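K.L.:
Sharing a model prediction with you, sequence too.
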Amino acid sequence: MSAQSMKEAVRELLDEYAERIDSERYEDWLELFTEDSIYQVIPRENVEQNLPASLIYCSNKNVLRDRIVSLLNANEFNPHYDRHIISGVRVTEEQEGVWQVGANYAVFQTNLEGQSKLFSVGRYADKVVRQDGRLLFREKRVMVDSFSVPSMLATPL
Amino acid sequence: MKLENPQATFPRRDYSRVPYWLYHDREIYALEQERIFKGPVWSYAALEAEIANPGDFRTCFIGETPVIVNRAQDGTIHAMVNRCAHRGALVRRENRGNAKEHICVYHKWCYNLDGSLQGLPFRRGLKGKGGMSADFKTEDHGLQRLQVRSYCGVIFVSFRDDAEPLESYLGPVFTGHLKRLFGRPIRILGYQRQRIQGNWKLYLENTRDTYHGSLLHEFQSTFGLSRVTQTGGVTMDERHRHNLTWSKLGTDADAEFSALYRDNKVHESRLRLTAPGIVKFDDEWGDGISLAICSLFPNCTIHQISNSLAARQVRTFGPDEFELVFTLFGYADDSQEKHQHRLLQANFVGPAGLVSMEDGEAIEITHRASVGERQACSVIEMGGGGPIPTRLEHRVNDTPCRGFWSYYAELMGIEPEGAVR
């Protein structure tokens, strides 16, 4: 696959990722990850000090699955709509079959009164692989620039 | 500043009713800065492990006042208001760093690590013209210094020279608990921050309200981390300003819990984790306590939720907003496995915490719905009213909230006549 068509395929994956979160299809969203995937949301201040603690750290897909199950069944959170804006996509082949993906994201949240606010901005640093003809995330690392989280972080970034 | 009829603030002398306007009033907020955060208390500033080396500094906020905490070259710890003695600019803008001195960017006034003024440019003027007045003395213009004490590596500061000694302020229960958690060298794991649109006192109450634990935080009860049927309770100091809520895993039966929830018509989830390793508790303190929420008046909570540990600091932004800064830590001698387990259990806490995410929402909806109310009160009598005990062997209570208000009212000078303390 050429570099250009790989980049288009990654953009499609990121758009699919955003759409599934924004339309609250969290179980479908899980399907975009490999079974051994890591999902991490980490404050930029920790990254810059080389400190390991995260806001969310799912060391494999089951931990991520449990978080979604908990979110949908056990947790109480602020009712809202999410909108992801993703840009600045960069794709480089790290090794045979593993691509490093970088992209900026912004997430706007709208409350039930119709008021929208910039909720989070940062950068994705991902690893993407091809499995059974589909691109999937093996690693999704969300570095949050706006690390003083407004209200709460319930739905995925 | 003076309230018109301070003794009439609370309608009951046992603080079982709290008027909602106390969470919204700007005059009250200004008084709190003066009488509480700058009052005769010890506020949590930082952990010594964050400023381990000479020259290390951290900035934080006590109430809304910016503060620098640093370690001088001789190893001593100093705390100063982070405001230039010249024109009032923020001297340190970074969250942390290492420095030989602190220089204000505005006119380059330079301060030593003990807060004293080292010097300033053009003090003697230029070619005989300008400069400061002849009687200007650098020793009169240092940064405002705070009292600093460290207990087991936890740094507390006070704006008042006449605050009681830190150890007696904390009392034996809380010095004991700090020894339990900080008895061996710690390792900082990182930070989490959360801005909540609500009054800071709602958070101090939240950490003292054990009643909500197994009702709001369904993750805890669903996965058995902490349930109201477990052995547990609350312990306060003699003055009821601090509180320790604790419980022990494995001291109840699933059937007992299910029956209780059924009888009280509370929905019980029947979920199972696909990766149950996250809720595994290692009793590394050897006392069986698997949950310990330690609230220290006026700005600190130190939590142990299973094996997740953090100090939380409250920073206020007016009556309608506060920030929580979580400093997560483990121990310096943690095995790789234990280290990984703590990182995994960080999922429980903070703004995205599986256990704690609900607190932000509970506070925001309380703050939103009580705005503008001048008469109505919140009801605090789970566990009964009247005199405030220092110890309860159950968690079906919000009694420590009454303790909080009793000390708050004393400091604010708004105790009703015949108030309980």
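P.N.:
Yes, it's here.
K.L.:
What parts of chain B come near chain A?
P.N.:
When proximity is defined as CB under 8 Å from any CB of the partner chain, chain B approaches chain A at B:95-96, B:188-197, B:216, B:218-219, B:222, B:269, B:271, B:273-275, B:278, B:323, B:328, B:340, B:343-344, B:346-347, B:350-352, B:354, B:357-358, B:360-362, B:364. All C-beta spots, glycine's among them, are computed from the backbone N, C-alpha and C.
K.L.:
Narrow those residues to those in strands?
P.N.:
Taking DSSP state E, the ones among the residues of chain B next to chain A that sit in strands are B:Arg96, B:Ile188, B:Leu189, B:Gly190, B:Tyr191, B:Gln192, B:Arg193, B:Gln194, B:Arg195, B:Ile196, B:Glu323, B:Leu328.
K.L.:
Next one: the last one from A:Arg83, what distance?
P.N.:
Per CB to CB, to the nearest Å, B:Leu328 is found 30 Å from A:Arg83.
K.L.:
more neighbours, these two?
P.N.:
Using other CB atoms under 10 Å in any protein chain shown, the more surrounded residue of B:Leu328 and A:Arg83 is B:Leu328, with 27 against 14.
K.L.:
The more buried one and B:Ile188 touch, don't they?
P.N.:
Yes. The criterion here is CB atoms under 8 Å, and B:Leu328 meets it with B:Ile188 at 7.5 Å.
K.L.:
which residues does the residue in the stretch 51-200 of chain B positioned nearest to chain A contact?
P.N.:
Of all residues in the stretch 51-200 of chain B, B:Gly190 sits closest to chain A, with a separation of 2.9 Å (CB to the nearest CB). Listed by CB atoms under 8 Å, 6 or more residues apart in numbering or on different chains, the contact set of B:Gly190 reads A:Ile42, A:Pro43, A:Glu45, A:Asn46, A:Gln49, A:Leu51, A:Pro52, A:Ala53, A:Ser54, B:Leu328, B:Ala346.
K.L.:
for the longest helix seen in chain B, packing partners?
P.N.:
The longest helix of chain B (DSSP state H) is helix B:166-182. Applying 3 or more CB pairs under 8 Å, 6 or more residues apart in numbering or on different chains; DSSP states H and E, we find helix B:166-182 packed against strand B:145-151, strand B:154-158, strand B:243-248, strand B:289-296, strand B:300-305.
K.L.:
Enumerate the beta-bridge partners assigned to B:His102.
P.N.:
B:Tyr111 (DSSP bridges).
K.L.:
Could you count how many residues lie near it?
P.N.:
When counting by other CB under 10 Å, one arrives at 22 neighbours for B:His102.
K.L.:
Could you pull up the residues touching it?
P.N.:
Counting by CB under 8 Å, 6+ apart, the residues that B:His102 touches are B:Phe57, B:Ile68, B:Asn70, B:Val91, B:Arg92, B:Cys110, B:Tyr111, B:Leu113, B:Leu143.
K.L.:
Can you check the pLDDT for it?
P.N.:
Confidence at B:His102, expressed as pLDDT, is 98.
K.L.:
now do B:His212
P.N.:
88.
K.L.:
Was I right to think it contacts B:Ala362?
P.N.:
Yes. Proximity of B:His212 to B:Ala362 meets the contact threshold set by CB under 8 Å, at 7.1 Å.
K.L.:
Can you work out which residues contact both of these two?
P.N.:
B:Asn206.
K.L.:
between these two, which one's more packed in?
P.N.:
The neighbour comparison of B:His212 against B:Ala362 (other CB under 10 Å) goes to B:Ala362, with 19 against 16.
K.L.:
Grab the nearest non-local neighbour of the more buried one.
P.N.:
In space, B:Ala362 comes closest to B:Leu216 once its chain neighbours are excluded; the distance is 6.0 Å by CB to CB, 6 or more residues apart in numbering or on different chains.
K.L.:
Could you do A:Glu139 as well?
P.N.:
Spatial nearest neighbour of A:Glu139, excluding adjacent residues (CB to CB, 6+ apart): A:Lys127 at 3.9 Å.
K.L.:
Show residues contacting the host helix or strand of the one you found.
P.N.:
Using DSSP states H and E, A:Lys127 maps to strand A:116-131. Strand A:116-131 is contacted from outside by A:10, A:13-14, A:34, A:44, A:82-83, A:86, A:91, A:94, A:97-110, A:135-146, A:149-150, A:153, A:157, using CB under 8 Å, 6+ apart.
K.L.:
What about the residues you listed, which are in helices?
P.N.:
A:Val10, A:Leu13, A:Leu14, A:Arg44.
K.L.:
mind listing what the first one touches?
P.N.:
For A:Val10, the set of contacting residues under the criterion of CB under 8 Å, 6+ apart consists of A:Val89, A:Val91, A:Trp99, A:Val101, A:Val128, A:Leu135.
K.L.:
burial count for the residue nearest to B:Ala362?
P.N.:
18.
K.L.:
tell me the contacts of it?
P.N.:
A:Glu76, B:Glu358, B:Asp359, B:Ala362.
K.L.:
can you check B:Ser306 too?
P.N.:
B:Leu225, B:Leu249, B:Val279, B:Lys280, B:Phe281, B:Ser290, B:Leu291, B:Gln345, B:Phe348.
K.L.:
ok, back up a step: beta partners of the residue of the stretch 51-200 of chain B closest to chain A?
P.N.:
B:Leu328.
K.L.:
so what's it scoring on pLDDT?
P.N.:
The model reports B:Gly190 with a pLDDT of 98.
K.L.:
Also B:Lys2?
P.N.:
pLDDT for B:Lys2: 57.
K.L.:
try B:Asp287
P.N.:
Per-residue pLDDT puts B:Asp287 at 96.
K.L.:
and if you look at B:Glu256?
P.N.:
pLDDT, B:Glu256: 80.
K.L.:
Hmm, B:Thr231 and it touching each other?
P.N.:
No. Look at B:Glu256 against B:Thr231 with CB under 8 Å: they stay out of range, at 11.9 Å.
K.L.:
Could you check which of the two has the larger neighbour count?
P.N.:
Neighbours were counted for B:Glu256 and for B:Thr231 using other CB under 10 Å; B:Thr231 has more, 16 against 12.
K.L.:
ok, which residues in chain A are in contact with chain B?
P.N.:
Proximity of chain A to chain B (CB under 8 Å from any CB) is limited to residues A:41-43, A:45-46, A:49, A:51-60, A:62-63, A:65-67, A:69-70, A:73-78, A:147-154.
K.L.:
Right, I'll call it a day here.
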